[in-house]
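Participant: Got a predicted model here, sequence first, then my questions.
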Amino acid sequence: GTGGDAAKCRAFGDGLQRSVALEPTTFYVDCRGAGGGGKLYIRMTGPSKTELVEVERGYAFQYTTKAPGEYELVLLFNEEHVPGSPFSIAVARNPSHKGPYSF
């Protein structure tokens with residue numbers, strides 16, 4: 001694609017591998033080496049809806065799942081997968097949560 005190279009993006013952080021239901025979890029995407037003009041697209045799918053917040057513009061992101069299970073996180077830069085995408089994330093039960101989860 002023009003204006004940026006997805007292969008030069010780096011995604012990192014424990015949040016790309018594991019999380020706990022109902023707990024905010026952070027991951028990072030560094031596309032500074034990818035050239036300007038890139039558009040970052042993030043989609044997370046799984047057993048429940050996921051709340052996703054951009055903590056630091058274009059760099060730090062935080063998600064909160066509503067239920068345990070296997071989730072998939074897709075990271076696209078200029079419509080191309082960032083290395084490692086799609087990420088498979090194992091979300092564990094929250095030990096302090098009593099009662100049902102909302103899906």
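Facilitator: Sure thing, it's come through.
Participant: Surely G15 forms part of a helix?
Facilitator: Yes. Assessed by DSSP: H, G, I helix; E, B strand; the rest coil, G15 belongs to a helix.
Participant: how much space between it and H81?
Facilitator: For G15, the distance to H81 (CB to CB, to the nearest Å) stands at 18 Å. Quick note: C-beta positions are derived from backbone N, CA and C, even for glycine.
Participant: Looking at the two now, which is surrounded by more residues?
Facilitator: Each of G15 and H81 has its neighbours counted (other CB atoms under 10 Å); G15 has more, 20 against 15.
Participant: residues in contact with that one?
Facilitator: Neighbour list for G15: 25-27, 61-63, 89 [criterion: CB atoms under 8 Å, 6 or more residues apart in numbering].
Participant: Where does the residue nearest the centre of the chain sit: helix, strand or coil?
Facilitator: Centroid-nearest residue in the chain, with CA atoms, centre = their mean: L73, separated by 5.1 Å. When classified by three-state DSSP, L73 comes out as strand.
Participant: how deep is the closest residue to it other than its chain neighbours tucked in, by neighbour count?
Facilitator: Leaving out its chain neighbours, the residue that sits closest to L73 by CB to CB, 6 or more residues apart in numbering is F87, at 4.3 Å. By other CB under 10 Å, 17 other residues sit near F87.
Participant: ok, F87 to F12 distance?
Facilitator: 11 Å.
Participant: D30 now?
Facilitator: 8 Å.
Participant: ditto for E80
Facilitator: 18 Å.
Participant: before we move on, what about S48?
Facilitator: Taking CB to CB, one finds S48 at 24 Å from F12.
Participant: Compare the two (neighbour count), which wins?
Facilitator: Between S48 and F12, counted using other CB under 10 Å, the more crowded position is S48 (19 against 11).
Participant: My guess is the more buried one contacts Y63. True?
Facilitator: No. In this structure, S48 is not within contact of Y63 by CB atoms under 8 Å, at 11.0 Å.
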